[in-house]
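Novice: structure here, sequence nowhere to be found:
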């Protein structure tokens, strides 16, 4: 067999040649944002406390799919199911890239953030008859968005079926009025989503009011996300 | 100790994750730069892998699988970077010598041979490059390579066979039979 380590010393030497250390600048640039990046654990933990085993299992599976798709971990057409390194069969979903405009507050004090085309994590998954997800992390100031639109959001009475966890610079909010992820107490947040599609691009316009975690006072959040191939 | 660090990191301990990442980032970079043959693409792939590892770590069920899982994230980052690069343009970029890069081992001194291998490697897909690098650079058994890539071990073996045939053909002036790669 050709894969014997002793049959290709030239090839092996060529593969071994080259840099084996990352630059200090790169290491710091990569690791410095970590403490500011939220882990995708809060909803699942809250869900575990509040939901029954069946709901918890279904929602955890949805969260894992959202994370994997949102992170772009799974190539288009990859079977989805389970977490970590495991593989199992279930429907394949397509991937798109999100762009967004995010506004906190109103008037002169409003703070506006836009998507950065160079963001390392920027992907979304849109299903016409099912839940849609978007995940974004990047930019300066740093923005992290974990966004979910529930199935039926486009139907009459379904506009509140939207949930998001957003970190933008020093701001952090989370809303989930329809308890899609079990993360909101009843009445804590109000949010609606309007969905429109032009060609292969789908736009979600979200209007939410939810407590500002810095002050505890309600803050208006306007988020427009467009998912396109 | 390592598993305890993974558990702490999974609970949101950024210092624990920092320790894990610092211990591995050189190796991740070395793997990525050998697969992608481009420093910037390699840095993107490593950054993406580590950031995704941090955000998704609470979902990792078995701390003992942390390294295999991290390699898988890295390889997926390489796939994505590889696709982006193909969209930009196809280029052959020899890696800098170890002296230039501040580390590494000596490679073939023959520039012609190195160039030939560079060109042949550039024509391989990321799935083939990954197997070659993990098996020959990391010394990972093919079963483990297959596990990281999430493919049957026969597929990993087939990919390695295919890739090495191509690399050898580039530096050996002999005719070789066409190789039909086994499908996944």
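Specialist: Thanks, I have it. All of these numbers come straight from a predicted model, not from anything done at the bench.
Novice: what's the neighbour count on residue A:123?
Specialist: Counted with other C-beta atoms under 10 Å in any protein chain shown, the neighbours of residue A:123 add up to 22. The C-beta positions use only the backbone N, C-alpha and C, and glycine is treated the same way.
Novice: now for the strand or helix carrying it, which elements pack on it?
Specialist: Residue A:123 is part of strand A:121-125 when elements are defined by DSSP states H and E. Applying 3 or more C-beta pairs under 8 Å, 6 or more residues apart in numbering or on different chains; DSSP states H and E, we find strand A:121-125 packed against helix A:53-70, strand A:97-104, strand A:132-138, strand A:218-228, helix B:39-56.
Novice: these into CSV, with extra columns for mean neighbour count?
Specialist: Output for the helices and strands packed on strand A:121-125, formatted as CSV (neighbours: other C-beta atoms under 10 Å in any protein chain shown):
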stretch, mean neighbour count
helix A:53-70, 18
strand A:97-104, 19
strand A:132-138, 25
strand A:218-228, 19
helix B:39-56, 24
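Novice: lowest-confidence stretch among those?
Specialist: Note on the helices and strands packed on strand A:121-125: lowest mean pLDDT is at helix A:53-70, with a mean of 39.
Novice: what about the helices in chain A?
Specialist: Listed in chain order, the helices of chain A (DSSP state H) span A:9-16, A:24-31, A:42-50, A:53-70.
Novice: now do the residue of chain A found nearest chain B: how many residues are near it, please.
Specialist: Nearest residue of chain A to chain B: residue A:17, at 2.3 Å (C-beta to the nearest C-beta). Other residues within reach of residue A:17, judged by other C-beta under 10 Å, total 23.
Novice: at the geometric centre of chain A, which residue do we find?
Specialist: In chain A, the residue lying closest to the centroid (C-alpha atoms, centre = their mean) is residue A:135, at 2.3 Å.
Novice: give me the residue ranges of chain A where confidence is low.
Specialist: For chain A, the stretches flagged by pLDDT under 70 are A:1-7, A:41-95, A:120, A:182-183.
Novice: one more: chain B?
Specialist: Scanning chain B for pLDDT under 70 picks out B:82-109, B:173-184.
Novice: what about 50?
Specialist: Applying pLDDT under 50 to chain B flags the ranges B:87-92, B:98-108, B:175-176, B:178-184.
Novice: need the contact list for the residue nearest to residue A:175 when sequence neighbours are not counted.
Specialist: Sequence neighbours aside, residue A:189 is the residue nearest to residue A:175 in space, at 3.7 Å (criterion: C-beta to C-beta, 6 or more residues apart in numbering or on different chains). Neighbour list for residue A:189: A:174, A:175, A:176, A:177, A:208, A:209, A:210, A:211 [criterion: C-beta atoms under 8 Å, 6 or more residues apart in numbering or on different chains].
Novice: does the helix or strand harbouring residue B:18 come close to chain A?
Specialist: According to DSSP H and E, residue B:18 maps onto helix B:14-36. Yes: counting by C-beta under 8 Å from any C-beta of the partner chain, chain A has neighbours in helix B:14-36: B:14, B:17-18, B:21-22, B:25-30, B:33-34.
Novice: the strand holding residue A:123 vs strand A:218-228, what angle?
Specialist: Going by axes from the mean of the first three to the mean of the last three C-alpha atoms, to 10 degrees, strand A:121-125 is angled at 80 degrees with respect to strand A:218-228.
Novice: how big is the angle separating strand A:121-125 from strand A:97-104?
Specialist: Using the same axes, to 10 degrees: strand A:121-125 against strand A:97-104 is 100 degrees.
Novice: can you state the direction angle for strand A:121-125 and strand A:132-138?
Specialist: Relative orientation of strand A:121-125 and strand A:132-138, computed by the same axes, to 10 degrees: 170 degrees.
Novice: return the distance of strand A:121-125 from the chain's centre.
Specialist: Counting by C-alpha atoms, centre = their mean, to the nearest Å, strand A:121-125 is centred 7 Å from the centre of its parent chain.
Novice: in CSV, list the helices and strands packed on strand A:121-125 along with distance to residue B:6.
Specialist: CSV is the format used below for the helices and strands packed on strand A:121-125 (distance: least, C-beta to C-beta, whole Å):
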stretch, distance to residue B:6
helix A:53-70, 18
strand A:97-104, 30
strand A:132-138, 21
strand A:218-228, 33
helix B:39-56, 10
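Novice: which of those sits closest to residue A:199?
Specialist: Smallest distance to residue A:199 across the helices and strands packed on strand A:121-125 (C-beta to C-beta): 8.2 Å, for strand A:218-228.
Novice: nearest residue to residue B:113 in space, please, no chain neighbours.
Specialist: With sequence-adjacent residues excluded and distances taken as C-beta to C-beta, 6+ apart, residue B:113 is closest to residue B:171, at 5.4 Å.
Novice: hang on, the one you found packs against residue A:10?
Specialist: Yes: Residue B:171 is in contact with residue A:10 according to C-beta atoms under 8 Å; the separation is 6.4 Å.
Novice: overlap in contacts of the two?
Specialist: With C-beta under 8 Å, 6+ apart as the test, residue B:171 and residue A:10 both reach B:113, B:117.
Novice: can you mark which positions in the helix holding residue B:18 are buried?
Specialist: Residues B:14, B:16-18, B:20-21, B:24-36 are the ones in helix B:14-36 that count as buried (16 or more other C-beta atoms under 10 Å in any protein chain shown).
Novice: alright, I will stop here.
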